[in-house]
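> got a structure for you, letters missing:
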């Protein structure tokens, strides 16, 4: 477990097969693009590493309880190896410290103790202030700590104010820009609404789609000065591929549902294969992941494609031992077909 930054604060970290590291995305040449470490027992993401196609590190982040680990640095790099950004958040996902650099190494932004500074590429100070000012300019960060844009407070009043947002593409160039109406809902919550058409900076993209995506992004930000969004913005997923799957394989078609059960970490795990080719994966009602599945009969493999949960977008392989027994390779556990009466009880 060395190198995974997993704290030895209790003996449960020594449980065999609890932590799993796997490549979740590849480039077309099969070089790793994203490597993740999971805590299978708690169904949590622990660590994520992203790489450029040349093998240099792009991103590193530690996670805890479904979000960025508080007070741990989240780092992104430029493709030339220089640091792009460093972010530290608190328990409420509010920025406590932030730094952004140009690709030439020149500092672009610094935030600490509620004070912020912006420099141009030549090192000349362009702007500075603090969060108590009547106007300010701060970065917008995604839920994985990526620098996705700039937000300016341009007209402050209570309970309404206006912010100007500029969101970037995956090369960190301005993509779309416009004003956002902010409405205080209560002491902790703010609604942000795009009430006018934004300006498309990159003419190669579609304004309507991007503005809708921007509104979805704004819906995930609740706090007044909380610049951490609940999801990422634009990800260049076209450059990634998943593990190779046989498109000629067919669904396992059954007249009814089939349940498989496994016992691991002193918990019961259930894999439900539906007759329409979808599946549900649950752990004693603690969580429910889902997606679709198919089988390659020639090699006796069952494939799961996750469309919800922490494994969204991933493909997992299961070995079919016989019609009553399967082996889930990623979880290193056998699953057994449940008898019909037990399947009915599990579905209640």
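Cool, got the structure. In this text the structure is predicted, and so the values were computed from the model without any measurement.
> okay, now the unreliable bits of the stretch 1-150 of the chain?
Confidence mapping of the stretch 1-150 of the chain against pLDDT under 70 gives the ranges 1-14.
> where along it do the strands fall?
For the stretch 1-150 of the chain, applying DSSP state E, counting those that start in this stretch gives strands covering 19-26, 32-39, 44-51, 57-64, 67-68, 74-77, 83-89, 95-101, 107-112, 115-119, 125-130, 136-141, 147-155.
> and the fourth one, which residues are buried?
Residues of strand 57-64 classed as buried: 58, 59, 60, 61, 62, 63 (neighbour count, 16 or more other Cβ atoms under 10 Å). Quick note: C-beta positions are derived from backbone N, CA and C, even for glycine.
> do the same with the longest one
Applying a neighbour-count criterion of 16+ other Cβ under 10 Å, one finds 147, 148, 149, 150, 151, 152, 153 buried in strand 147-155.
> name the helices or strands packed onto the following helix or strand past it?
Under the assignment DSSP states H and E, the closest C-terminal helix or strand after strand 147-155 is strand 160-168. Judged by 3 or more Cβ pairs under 8 Å, 6 or more residues apart in numbering; DSSP states H and E, strand 160-168 is in contact with strand 147-155, strand 174-184, helix 207-218.
> what's the angle between strand 160-168 and strand 147-155?
Counting by axes from the mean of the first three to the mean of the last three Cα atoms, to 10 degrees, strand 160-168 lies at 150 degrees to strand 147-155.
> contacts for strand 160-168 next, please.
140, 147-155, 174-184, 192, 201, 210, 214, 217-218, 233-234 (Cβ atoms under 8 Å, 6 or more residues apart in numbering).
> ok, now with 6 Å
Applying Cβ atoms under 6 Å, 6 or more residues apart in numbering, the contact partners of strand 160-168 are 148-155, 174-177, 179-180, 182-183, 233.
> sorry, back to before: so which of the strands of the stretch 1-150 of the chain gets nearest residue 302?
Proximity to residue 302, assessed across those by Cβ to Cβ, is greatest for strand 19-26 (17.4 Å).
> which other helices and strands contact that closest one?
Packed against strand 19-26, as judged by 3 or more Cβ pairs under 6 Å, 6 or more residues apart in numbering; DSSP states H and E, are the following elements: strand 32-39.
> from the chain's centre, how far out does the strand it packs on sit?
Relative to its chain's centre, strand 32-39 lies at 12 Å (Cα atoms, centre = their mean, to the nearest Å).
> for stretch 189-208, same thing?
Using Cα atoms, centre = their mean, the offset of stretch 189-208 from its chain centre is 22 Å.
> now that stretch: buried residues?
190, 192, 194, 198, 200, 201.
> over to stretch 259-272?
259, 260, 261, 262, 264, 265, 269, 270, 271, 272.
> check stretch 109-127 too.
109, 110, 111, 116, 118, 119.
> would you convert those into a markdown table that also reports distance to residue 83?
Putting the buried residues of stretch 109-127 into a markdown table (distance: Cβ to Cβ, whole Å) gives the following:
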| residue | distance to residue 83 |
| --- | --- |
| 109 | 12 |
| 110 | 13 |
| 111 | 15 |
| 116 | 18 |
| 118 | 17 |
| 119 | 15 |
